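>>> give me a model of this one.
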Amino acid sequence: MPAVLRLALLQARQDRGTLAGWILGIAVLGYSAAIAVTTQFGGDNERAALISVAASSPAFLFLRGLPDGISSGAVTFFQGYSFTAVMAGLMSASLMIRHTRADEDQGRAELVGSAQVTRITSLYSTLLLGTCANVILAGVVATGFIMAGLPLRGSLLAGVAVGAVGLFFVATAALIAQVMPSARSANGTTVALVGGAYLLRGTGDALGSADLSLMHVAAAWPSLLSPIGWGQRIRPFTEMDTQPVLVIGAVALVLAGVAVALRNGRDLGASYIPAHEMGAPRAGAGMASMLGLAWRLQRGSTAGWSITAVALGAVAGGLGPVVRDALEGNPSVAELMNRIVPGDADMVDLFTTAMLGIAGVLAAAAGVEAVLRLRAEEAEGRAELLLSVPASRFRWLGGGLAVAVMTTMVVGVAAGASAAVVLAWGQAGGSSPGTVFAAAVAHIPAALVFPAMTALVFALAPRWSSPVGWSTLAVALVLGQFGELLGLPGWLQDLSPFHHSSAMPVEPLNFQGAVAMTAVAAVVAGMAAYLFRRRDLTA
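The predicted structure is shown next:
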């Protein structure tokens, strides 16, 4: 046990900046949701109007979660829980993969194993660190809710709900790390599982049934397949049911036990899903360039992101008939929505707009991940080998950036095409398929800013490229989600690239904003290329 504790402390020291950024970022997101509700929906009548609209709109239910009363705490939990739970899952999964499969890939696990420790000491230490990180996260999130004026007990349970989801993905990632052949494939799989948990929760909530008062919604069965869905069943500001916490904890314990058993049954560096066999003895024509090599390395991740985007688009289109039926069955909700949303917005268009906004964030995340592959190549020494041949740094970085741009565009296009096809097939109403496709493409210029910013940080301070890249995306998401509700000044909201995207088909195309964001991305990428040529490679 002392060895486990010492190794966990070493891992915590290595991750102190990254974990602090994740935990504070998630807490700020929850605190922002609480402040937004208490300041903008201070009266019971205002909160009741918001909840009645949400309970009758599958769009709100999919994006936010289950309405559960009109108290400030209940509305805050409804507004912010799903996003904070997703971020907790991503934090936990990346932590586990980084200290298990990634350490094996880079040889650090073999170095640790040369000491007087067992083969599962590293896994035990990372499980301990992940558990402690989520306990701290739960406490910090609860503190933020308390500071915003929410009830003490409900705030503590709300923090537990977020931390429980993170703990579930600690165990899930531990299992995935034993099965997948590389850190890259393990990361992609765990990110897909976190996204799938959000989609399952959203689908179950959107198909749920509201009570006669329209103040409470009971989720449908797909929500039971998601740890995020189980977490919201805690209902921290109403029923305060702790049984879902026990369910999530029990499943996490089983998954962690399976991960330990699998680790005992495999050699260091091995996996239960074998790596691809070696290719042809000579590379094809496409592998003769840095761009071709970058695409070859990234194509698997691009396919994974694209599949997720297609699923997101299919949900946006598939729930269109549900949205239409909800509108036809409750004209008062349509009237209230017309008062809340400027203009004559169709309910199907509102839902599609919201979902394609998420697709824009997904495209940006895919681009950031593609740029961070460059940092992995440099840290693991492969970039130095590549640059030992007659090839310039500009060609290497340029190839990676070009692939990041292609990845961002492919993910955005995949979401738009999927939504357009499913909407047209379901004949749900709303805008034409061409307009829906254009709405997804309209988010690509803003999404391109994030991989460009990540590349700039990579050129200036490579060790900070990952935390700054993901933090920038998270901050932009917070400004986009809560900027108006918090009454933030316009100049601060304008710092988010997504604020300049067109919310088509509800809004017309903002051509100037698209051109401006494309220009910003190009200039920042150019600065990254210039600065990268002037620094040394780092480990």
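>>> OK, contacts around Ala275?
181-182 (CB atoms under 8 Å, 6 or more residues apart in numbering). For the C-beta atoms, the positions are set from N, CA and C on the backbone; glycine is no exception.
>>> and it, which of the three is it?
coil (DSSP: H, G, I helix; E, B strand; the rest coil).
>>> please report the distance of it from Gly300.
12 Å (CB to CB, to the nearest Å).
>>> do Leu356 as well
For Leu356, the distance to Gly300 - CB to CB - is 25 Å.
>>> which of these two has more neighbours?
Leu356 (29 against 14; other CB atoms under 10 Å).
>>> I'd say the more buried one and Ala440 touch.
Yes - with contacts counted by CB atoms under 8 Å, Leu356 reaches Ala440, the gap being 4.8 Å.
>>> what is in contact with those two at once?
Common neighbours of Leu356 and Ala440, using CB under 8 Å, 6+ apart, are 313, 415-416, 419.
>>> in the stretch 1-150 of the chain, where is pLDDT below threshold?
Counting by pLDDT under 70, the stretch 1-150 of the chain contains low-confidence ranges at 1.
>>> returning to that earlier point: among the shared contacts of Leu356 and Ala440, who's most crowded?
Going by other CB under 10 Å, Ala415 tops the shared contacts of Leu356 and Ala440 with 33 neighbours.
>>> so what secondary structure elements neighbour the helix or strand hosting it?
In the assignment (DSSP states H and E), Ala415 maps to helix 393-426. Using 3 or more CB pairs under 8 Å, 6 or more residues apart in numbering; DSSP states H and E, the elements in contact with helix 393-426 are helix 290-318, helix 320-329, helix 347-379, helix 433-441, helix 444-460, helix 511-532.
>>> okay if I get those as CSV plus mean pLDDT and distance to Leu90?
Listed next are these as CSV, based on pLDDT from 0 to 100; distance: least, CB to CB, whole Å:
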stretch, mean pLDDT, distance to Leu90
helix 290-318, 83, 13
helix 320-329, 62, 28
helix 347-379, 83, 9
helix 433-441, 85, 23
helix 444-460, 93, 15
helix 511-532, 91, 24
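>>> just so I know, which of those lies nearest Gln14?
Counting by CB to CB, Gln14 lies closest to helix 347-379 out of the helices and strands packed on helix 393-426; the figure is 12.9 Å.
>>> so which bits of that closest one are buried?
Neighbour counts over helix 347-379 (16 or more other CB atoms under 10 Å) mark 347-378 as buried.
>>> tell me the one of the shared contacts of Leu356 and Ala440 nearest Phe169?
Ala415 (23.6 Å).
>>> skipping adjacent residues, who's closest to the closest one in space?
Excluding the flanking residues, the one nearest Ala415 by CB to CB, 6 or more residues apart in numbering is Ala359, at 3.5 Å.
>>> these two touch, right, that neighbour and Val441?
No - using CB under 8 Å, Ala359 is not in contact with Val441; the gap is 10.2 Å.
>>> where do the contact lists of these two overlap?
412, 416.
>>> if we can go back for a sec, for the helix holding Ala415, buried residues please.
393, 395-423, 426.
>>> how about stretch 527-539?
In stretch 527-539, counting by 16+ other CB under 10 Å, buried: 528-529, 532.
>>> do stretch 16-31 as well
18-19, 21-23, 25-31.
>>> same thing with stretch 305-316?
305-306, 308-316.
>>> then stretch 218-227?
Under 16+ other CB under 10 Å, the buried positions of stretch 218-227 are 219, 222-223, 226-227.
>>> export the residues you listed as JSON lines, with columns for secondary structure.
JSON lines is the format used below for the buried residues of stretch 218-227 (three-state DSSP):
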{"residue": "Ala219", "secondary structure": "coil"}
{"residue": "Pro222", "secondary structure": "helix"}
{"residue": "Ser223", "secondary structure": "helix"}
{"residue": "Ser226", "secondary structure": "coil"}
{"residue": "Pro227", "secondary structure": "helix"}
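>>> can you redo the buried residues of stretch 16-31 as a markdown table with distance to Ala88 and secondary structure?
Listed next are the buried residues of stretch 16-31 as a markdown table, based on distance: CB to CB, whole Å; DSSP: H, G, I helix; E, B strand; the rest coil:
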| residue | distance to Ala88 | secondary structure |
| --- | --- | --- |
| Thr18 | 14 | helix |
| Leu19 | 12 | helix |
| Gly21 | 13 | helix |
| Trp22 | 8 | helix |
| Ile23 | 9 | helix |
| Gly25 | 11 | helix |
| Ile26 | 6 | helix |
| Ala27 | 11 | helix |
| Val28 | 13 | helix |
| Leu29 | 10 | helix |
| Gly30 | 10 | helix |
| Tyr31 | 15 | helix |
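>>> nearest to Ala93, of these?
Nearest to Ala93, judged by CB to CB, of the buried residues of stretch 16-31 is Trp22 at 11.2 Å.
>>> can you tell me how far that closest one is from Ala138?
Following CB to CB, the distance that separates Trp22 from Ala138 is 13 Å.
>>> tell me if I'm right that Ala516 and His500 touch.
Yes - judged on CB under 8 Å, Ala516 makes contact with His500 at a distance of 6.4 Å.
>>> more neighbours, the two?
Under the criterion of other CB under 10 Å, the comparison of Ala516 against His500 puts His500 first, with 19 against 16.
>>> isn't that one up against Leu509?
No - taking contacts as CB under 8 Å, His500 lies outside contact range of Leu509: 11.8 Å.
>>> so which bits of stretch 88-96 are buried?
So, applying 16+ other CB under 10 Å, buried residues of stretch 88-96: 88-96.
>>> and of the residues you listed, the nearest to Tyr81?
Ala88 (10.2 Å).
>>> quick one: the strand or helix carrying that closest one to helix 347-379, angle?
Element membership for Ala88 (DSSP H and E) is helix 72-99. Interaxial angle of helix 72-99 relative to helix 347-379 (axes from the mean of the first three to the mean of the last three CA atoms, to 10 degrees): 30 degrees.
>>> which other helices and strands contact the helix or strand hosting Tyr124?
Assigned by DSSP H and E, Tyr124 belongs to helix 121-147. The helices and strands touching helix 121-147, judged by 3+ CB pairs under 8 Å, 6+ apart, are helix 2-14, helix 16-40, helix 72-99, helix 108-113, helix 152-179, helix 243-264.
>>> can I get those helices in TSV with distance to Leu495?
TSV is the format used below for the helices and strands packed on helix 121-147 (distance: least, CB to CB, whole Å):
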stretch	distance to Leu495
helix 2-14	31
helix 16-40	15
helix 72-99	19
helix 108-113	37
helix 152-179	26
helix 243-264	36
